[in-house]
Structure formats: structure tokens, C-alpha cells
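In: Only the shape, not the letters, is given here:
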């Protein structure tokens, strides 16, 4: 009941009882149209993301035929949209007059506006990071190829239209890029080679007869532009280098808007370094009578081959699915829309091991993809062995749990059922990364705690090793960007303190130099999920059921974890 009625109630209960009019409920603002405008208008400014989200047309314009616009007018349009929407929120919406669910969505939009403006005006990725352009092209072509949102001929016509835009797009990229860290330039070349292969081989081979001639003509022009861009990267941009570190001020700002938690990077760093010592001690006790190194070496020797790696992952997916069902950890999606495929070449700079690409939130029936990055058979024998030792019999199982079952795949399937639709799209397109990655880490611990692999010591040690990697992720990211940590110090932490194989550590080093504020999300999210579960359990008392918690939390979609706790407990 609204507080403004309380005084009247206490003054005269008799009058209220005799009245024909009951106390009125508070009139809440309808936030749905605001959410809808933010999501659809922002997607319209990023056509490649719009296709991936299942949003194909905006105000009569086919987004599937367009690439993002990084011209000065295009960048200015993004800035005007963000600043204009912030003004709309501040002048026409009163947060305290929204229902709790809408208050969460209001906060999400505000943080996304802040993050977007920070990148456009201060970090300026589009002026320093060539992988922005390379990966956008790859996703812009690959998504229409693999998602059957329209007949194949129609989707290929969209691909042709995007191919035709590549030359001008890359010329604009050259004008925008003022300098780039050497690692970003090198990875952009490698991923651009993947784009060239995608266009020249995969897409060309599968082009339907009706569009083959148009495809070939457009592809040849696009390929020339892509090869010229590689020459530019090698002979021009490569000479204009800069530091990939953000520095403390920029990092702290990005951390705030990306993680959306109530802790600073310095606090997270202290927590991670303390947890690292605790887990190392637990591993030492579990490994007895062997040393941790000897126990992990024994575990690492049991692994697949490059030829059987994908087959083993599919086997583990079936096994983990059966376990979740048997233990009734939560109601599972059907699994019929999940495909296990090779990681696209143009995305292997970041996804060196594997990844998950969820079904489009507007068209979830189109399917989700669990990416496994193949181990090249032409690698040196030592490098292959290092990779397989890291993703051994147990390590591959933790990857499958994290990425698919009951990790990212299950979480995103729940997210794609959130209603109403504007809320679903907002929380999917602008998902909170600690929620997403934290769930996947939490799910791995959940499986082992619930008896997966029947208490196998090798599985437990492998999980704890994975947790050390989670902690190292956070430590390296924060220390790299704010404290001047060197590459050698990072390698020593990974190989000596967290028992990672050299190949894994080398790839993580590259990932850390390519990104910022992403690697801490695993640790922050894992801790956050445990805290939310604890708060939910206390609120339910003896009525607490683990499956009820999982389903209630996942049905909210990927919201910031402090806000999730508030939604579930009312506190």
C-alpha cells in the first residue's frame, strides 16, 4: 500500500471502512516503449549485431544488407543517439516510479550509455584497434551464412550486398586508425586471412546458382580490398604502434560500467590474490602423496588426439546433459538447436580454445553454436602436446560444462524466454558479462559438488586448476592495465603459480593484450553467483530448493548480479 495513504488510515479507519473507494495502487510508469526504442534504435546503428540478434529491418531499411558505419557521420550518429537517450531518461523517466524489474532495465541502459560514450570519446577503439573492423566483416558475412533466417538465396544476396560495402568500409578504417599496438595489428592480419578464406572458399563454394555470378564478382572486389588491407597492416599501421594498456583511470571507468558490481579493481585484485593462495593449499592437500605438479602431470597424459578432439567434446556434451537431468539441477532446454562446430577462423584470435555463440534472442529457433577451436595438425609436435595436455580428458569436460551444459548454452536458452520481448532483447543484447561468465564457472563447480565423475580426484584437481586460471585472469588483467605488469611476470604467474601449460599461457597472454575488463568477469561472476545463492537461500529458509534457485535466477536474464539478488529476494 502506498505510504501517502497511511496517515488517512490511522486518522479514521471508520471513514475508510464506510467509503466505496479502496486505496489506489501507485501508478507506475510504463518502461516498455523506452526499452524497445533503446534496443531497436541501437541495433539499427550496428547492422551486423542486428542480424545476429534476429533484427532484420528498421523503419523499412534492410539491416542484413548493411555494414556498420564508422565514417565521421556514423560515429557522430552513435554519439548523438547515446547522449540523446540519456537526456530522454533524465527528463521523462522517474526511476522511483518504475516497478523493480523496470528499475533494473533503467540501470542497464544508463550503464550501457556510459560504456558506449567512454569507448567513443575516451578509449576510442575504432581509432586504435584494427580487429574491430576485421571481426565485424567476418561476423557480418558468417552470420547470414549459418543462420537460416531467410531462404539461402535471400541470405546470399545480403552477403553480396555486404561484400560490396567492404572496399569503402576498409578505406574508412584506414582513415580512422591512427596507431595500433603491435599485437592488435598482427592478430588483425591473422583474422583477416580467415576472412579471405571464408569468402574465397567457404562462401564461394556454397553460393546457390541463382546468385553465383553476382557473388563471384562481388567477392573478387572484396578480396582485393581485404588483401590490400593486409598490406596496409603490414607496411603502414605496423609502423605506428602504441601501448595496449588502458591505464588506471580509463580502466577503472570501464571496469565500473562493464562489470556493474559494487567493488573496485583494487578490491577484486586483493580478493583474487587471497583466493589463489587458498586454492593452491587445497590442491596441495588433495594431491598427496604426490606433489601438485606430479599429480597434474599424470592427469595431463590422458587426452584426445587432434583427430578425436571434436568427437570427445560431443561425447562429453551427451554425458553432462544426462548428469544434469539425473540430478534435476534445473529444467533443461531441448538441446535440439545446439550445434557443435569448428570456431570460425576469423574469431580464433580471441577464441583460441572454444566459445559459445547463442541463438538470436529475437529468433531463438535458429539455433546456437558451441565452437571448438581445432588443433592444427601441422603444428610442431611439442605445441600440439602442450595444447592437449591442457585440455586433457578432464580439462575438455570442464570446457564442455562451461560453454554448453549446463553453462552458456543453458543460460542463454533461459535468457531467450524472458518476457516481455523488449526486456528480453535488452538483457540479451546488453547482457552483464559477470552474470554470463560467472554462471558458467559456478555451473562447473556445481556439477563437481553434485557428484559428477563420482568424486574422481583427477576431476576435482582439474577444476581447482581451472579456478586458479580464473583467478590468474583477474590478476593479470588488472595488473596489466593499471600496475605495469610485464609479459614475463604474467607468464610466470600462469605457468608457475597456476600450473598452466606453456601453450595455454601464451594464448592467454595474447588474449589479455587484446582485451580489457573481460578476464576478471569469471572470478567476479563466480563469487557473485555464490553470494546471490546464499542470499536467496536465507530468504527461503527451509523451503529452499537448488533447482528453484537456478530456474528463478536464469529466468531473469543476464542482469547485474547485485540487481539479480535484489530481484530474487526483494532486498
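Out: Done, it's in. The model shown is predicted, which means the values in this text are computed figures rather than measured ones.

In: Can you check what pLDDT the model gives residue 383?
Out: Note on residue 383: pLDDT of 91.

In: Surely it and residue 506 touch.
Out: No - the criterion here is Cβ atoms under 8 Å, and residue 383 misses it with residue 506 at 9.3 Å. Where C-beta positions appear, they are placed from N, C-alpha and C, glycine not excepted.

In: Looking at those two, which has the bigger crowd around it?
Out: residue 506 (18 against 15; other Cβ atoms under 10 Å).

In: If you drop the residues flanking it in sequence, what lies closest to the more buried one?
Out: Nearest residue to residue 506, sequence neighbours excluded (Cβ to Cβ, 6 or more residues apart in numbering): residue 491, at 7.7 Å.

In: Residue 171 now?
Out: residue 225 (8.0 Å).

In: following the helix or strand where that neighbour lies, which helix or strand shows up next?
Out: In the assignment (DSSP states H and E), residue 225 maps to helix 212-235. Toward the C-terminus, helix 212-235 is succeeded by helix 248-259 as the next helix or strand (DSSP H and E).

In: and that next one, what does it pack onto?
Out: Applying 3 or more Cβ pairs under 8 Å, 6 or more residues apart in numbering; DSSP states H and E, we find helix 248-259 packed against helix 100-118, helix 265-287, helix 433-449, helix 457-483, helix 521-540.

In: buried set for the fourth one?
Out: Judged by neighbour count (16 or more other Cβ atoms under 10 Å), helix 457-483 contains these buried residues: 458-482.

In: Check the last one too.
Out: With burial defined by 16+ other Cβ under 10 Å, the residues of helix 521-540 counted as buried are 521-529, 532-533, 535-536.

In: One more: stretch 196-206?
Out: By neighbour count on 16+ other Cβ under 10 Å, the buried set for stretch 196-206 is 196, 198-199, 203.

In: Next step: these restricted to helices.
Out: Among the buried residues of stretch 196-206, the residues falling in helices (DSSP state H) are residue 196.

In: Look up how far residue 303 lies from the closest residue to residue 445 other than its chain neighbours.
Out: Excluding the flanking residues, the one nearest residue 445 by Cβ to Cβ, 6+ apart is residue 463, at 6.8 Å. Going from residue 463 to residue 303 by Cβ to Cβ, to the nearest Å gives 17 Å.

In: Repeat that for residue 242.
Out: In terms of Cβ to Cβ, residue 242 sits 40 Å off from residue 303.

In: Who has more neighbours out of the two?
Out: residue 303 (20 against 12).

In: Just say helix, strand or coil for the more buried one.
Out: Secondary structure, DSSP: H, G, I helix; E, B strand; the rest coil: residue 303 is coil.

In: residues contacting it?
Out: Residue 303 is in contact with 388-389, 391-393, 395-396, counting by Cβ atoms under 8 Å, 6 or more residues apart in numbering.

In: Turn those into a markdown table, columns for distance to residue 418, pLDDT and neighbour count.
Out: As requested, these are exported to a markdown table (distance: Cβ to Cβ, whole Å; pLDDT from 0 to 100; neighbours: other Cβ atoms under 10 Å):
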| residue | distance to residue 418 | pLDDT | neighbour count |
| --- | --- | --- | --- |
| 388 | 39 | 92 | 23 |
| 389 | 40 | 92 | 20 |
| 391 | 33 | 91 | 26 |
| 392 | 37 | 94 | 20 |
| 393 | 37 | 96 | 18 |
| 395 | 33 | 93 | 24 |
| 396 | 31 | 94 | 23 |
